[in-house]
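[1] Model the following, please.
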Amino acid sequence: MSVFGIGLAYGIATLVVMFSGMPIAFALGAVAVVFMGIYMPAASLDTVTQNVYEEMASITLLSIPLFILKGAAIGKSRAGQDLYSALHAWLHRVPGGLGVANVFACALFAAMAGSSPATCSAIGSAGIPEMRKRGYSGGFAAGIIAAGGTLGILLPPSITMILFAVAAEKSLGRLFLAGIGPGLLLVSLFGAYAVIRFRQEYAAAQAIYEKGGPEAAILARDEYTLAERFSVLPRVIPFVLLLTGVMIALYGGYATPSETAGLGGLLALALIAAIYSVWRPSDLAPIMMSTIRESTMLMMIIGMSLLYSYVMSYLHISQSVAESIVAMHLPRWELLFAILVMVVVLGFFLPPVSIILMTAPIILPPLRAANFDIIWFGVVMTIVMEMGLIHPPVGLNIFVIRNVAPDIPLREVIWGTLPFVLLMMLAVLLLCFFPGISTGLPDLVMGPDGSR
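    A predicted model of the protein is given here:
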């Protein structure tokens, strides 16, 4: 059978197994092992465990469970709710300040947890009920939290960026640094939309009230004295210190990413022990169980995805696809557009972890040939994969929101997230026209002749 035929069969088999409902890790591993048995020497099956181990034996990947530990320590305590409450007290005078507070809370929590579902769960459990109580529509409240949670894979320390750095063999510290500007851009766009949407819902409720209708909860105003606002500041300071300490250790060159992850985990445990008295074995058990469960699931997906990619490479599927893309001789920006569309389509079915590990061998060679900076592309690809977290049919964050707020219909949740998908598209366009937002070096995505 030709390489094209094998590649087509490989792709179809993958989709069939995934749509059967089998967990992603086992689906990828099963397809890889079957094709190894059919098209590769029999002895290759004896080296499956060795191949998986060798692919995963990376000091960079060691940081993933440690970052998960840090996120679990914050998410399983009252830390997320306290962070949100403090931000609301200071932003309540801003139109839509409650929504803006949730965006900032998601951004800060994401920077500490590195996980989008964890951010959605921790901030959503406090933020959505408060927004609903104050008259925000279900779709608006759900959309803010679902979109804010996606910042977990863009703002450092991002587990997704760790995997991209491994796949692309690029500096993790530089990739983390490149994600800060786009992350702040998305925070600004989400916050601006929250203000605009609040004004619309407020105006609609005001018009109904002026016509003799009931006074909606959204028309009520919260008031905090200056003393009350300063009294909640101590709830935020420890988190700022935690985030600052981790960033200084990483970017100051005092620790490697893996050492920084360990430092962050220990500081988070010390934080919840000192502030929330979470130090007894019975208190720490849920944190450790959550860390082990999520780490095991993620590492299984990583291991099986790497095996899947190894089989693709051995059968020359990835090389043939890359050669076909290059042979099309697309202009460099059309090439980028085609690749990003492919990532969007994959986002309908796969989580970011699988997308990176499955597509990196295919898409990176043509991008390098077109003189795109891979660090810059990693940030752009991360934003595009964020869209997959909040659009159907998979939309992991959508289902997290459904668990946090089961009273909001799924249809409202989906419609509430769509404006944020458009804002992410806008962010990608801005990064293409102003790449310095990400890299600080506008010429990194230009060709050697200076052309874009």
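
[2] Put the alpha carbons of stretch 408-416 into PDB.
    C-alpha atoms of stretch 408-416 as PDB (Å, rounded to 0.1, in the frame of the first residue of the first chain):
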ATOM      1  CA  ILE A 408     -27.500  27.100  32.600                       C
ATOM      2  CA  PRO A 409     -28.700  25.300  29.400                       C
ATOM      3  CA  LEU A 410     -25.900  24.000  27.200                       C
ATOM      4  CA  ARG A 411     -27.200  26.100  24.300                       C
ATOM      5  CA  GLU A 412     -26.800  29.300  26.400                       C
ATOM      6  CA  VAL A 413     -23.300  28.300  27.400                       C
ATOM      7  CA  ILE A 414     -22.300  27.800  23.800                       C
ATOM      8  CA  TRP A 415     -23.800  31.000  22.500                       C
ATOM      9  CA  GLY A 416     -22.100  32.800  25.500                       C
END
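
[3] buried ones in it?
    By 16 or more other CB atoms under 10 Å, the buried positions in stretch 408-416 come out as Ile408, Glu412, Val413, Ile414, Trp415, Gly416. Yep, even glycine has a C-beta here, placed from its N, CA and C like the rest.

[4] Out of these, which comes closest to Leu430?
    Checking these against Leu430 by CB to CB gives Gly416 as the nearest, at 23.1 Å.

[5] so what's the closest one up against?
    By CB atoms under 8 Å, 6 or more residues apart in numbering, the residues touching Gly416 are Ser137, Gly138, Gly139, Phe140, Ala141, Ala142, Gly143, Ile144, Ala146.

[6] Tell me if I'm right that the fifth one and Gly127 touch.
    Yes - at 7.4 Å, Ala141 counts as touching Gly127 under the criterion of CB atoms under 8 Å.

[7] Just the endpoints, please. Distance across stretch 384-403?
    This stretch, stretch 384-403, spans 24 Å end to end (CA to CA, to the nearest Å).

[8] Please give the centre-to-centre distance between that stretch and its chain.
    When C-alpha coordinates are averaged (CA atoms, centre = their mean, to the nearest Å), stretch 384-403 and its chain have centres 10 Å apart.

[9] neighbouring contacts of it?
    Identification of contacts with stretch 384-403 by CB under 8 Å, 6+ apart yields 116-117, 120-121, 124, 128, 142-143, 145-147, 149-151, 153-154, 160, 340, 343-344, 346-352, 355-356, 408, 410, 413-414, 417-418, 420-421, 424-425, 428.

[10] Check stretch 237-244 too.
    Ile74, Ala79, Leu83, Leu108, Ala111, Met112, Gly264, Leu267, Ala268, Leu271, Ile275.

[11] Give the other helices and strands that the helix ranked longest in the chain contacts.
    The longest helix of the chain (DSSP state H) is helix 172-210. On a contact count with 3 or more CB pairs under 8 Å, 6 or more residues apart in numbering; DSSP states H and E, helix 172-210 meets helix 97-113, helix 138-149, helix 159-168, helix 233-251, helix 257-276, helix 374-389, helix 410-433, helix 436-439.

[12] just for the stretch 201-350 of the chain, where's the confidence low?
    In the predicted model, the stretch 201-350 of the chain carries pLDDT under 70 at residues 251, 257, 318-319, 322, 326, 348-350.

[13] pretty sure Ser309 is touching Met358, no?
    Yes - contact criterion CB under 8 Å: Ser309 and Met358 qualify, at 6.1 Å.

[14] Could you check which of those two is surrounded by more residues?
    Neighbours were counted for Ser309 and for Met358 using other CB atoms under 10 Å; Ser309 has more, 24 against 21.

[15] Contacts only, for the more buried one.
    Ser318, Leu357, Met358, Ala360, Pro361.

[16] now do Ile144
    Ile144 makes contact with Gly99, Asn102, Val103, Cys106, Gly127, Met131, Phe190, Ala194, Gly416 under the criterion CB under 8 Å, 6+ apart.

[17] one more time with 10 Å
    Going by CB atoms under 10 Å, 6 or more residues apart in numbering, Ile144 touches 96, 98-103, 106, 123-124, 127-128, 131, 136, 190-191, 193-194, 197, 416-417, 420.

[18] Also Met424?
    Taking CB under 10 Å, 6+ apart, we find Met424 in contact with 147, 150, 154, 182, 186, 189-190, 383-387, 390-391.

[19] PyMOL command for the buried members of those?
    With 16+ other CB under 10 Å as the criterion, this PyMOL line picks the buried residues out of the contacts of Met424:
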select buried, resi 147+150+154+182+186+189+190+383+384+385+386+387+390+391
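
[20] returning to what we had before: need the contacts of Gly416 in CSV with pLDDT and distance to Leu284, can you?
    Listed next are these as CSV, based on pLDDT from 0 to 100; distance: CB to CB, whole Å:
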residue, pLDDT, distance to Leu284
Ser137, 88, 39
Gly138, 87, 35
Gly139, 89, 37
Phe140, 90, 37
Ala141, 90, 32
Ala142, 90, 32
Gly143, 91, 34
Ile144, 91, 31
Ala146, 89, 30
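
[21] From those, pick the one nearest Val232.
    Of all the contacts of Gly416, Ile144 has the smallest distance to Val232: 20.7 Å, by CB to CB.

[22] where does the stretch 351-452 of the chain dip in pLDDT?
    392-394, 396, 439-452.

[23] Just say helix, strand or coil for Val94.
    Here Val94 is coil, with the state taken from DSSP: H, G, I helix; E, B strand; the rest coil.

[24] Which residues are in contact with Thr47?
    With CB under 10 Å, 6+ apart, Thr47 has these contacts: Met36, Met40, Pro41, Tyr53, Glu54.

[25] Of those, just the buried ones, PyMOL syntax please.
    A single PyMOL command is used to select the members of the contacts of Thr47 judged buried by 16+ other CB under 10 Å:
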select buried, resi 36+40
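
[26] All good on my end, thank you.
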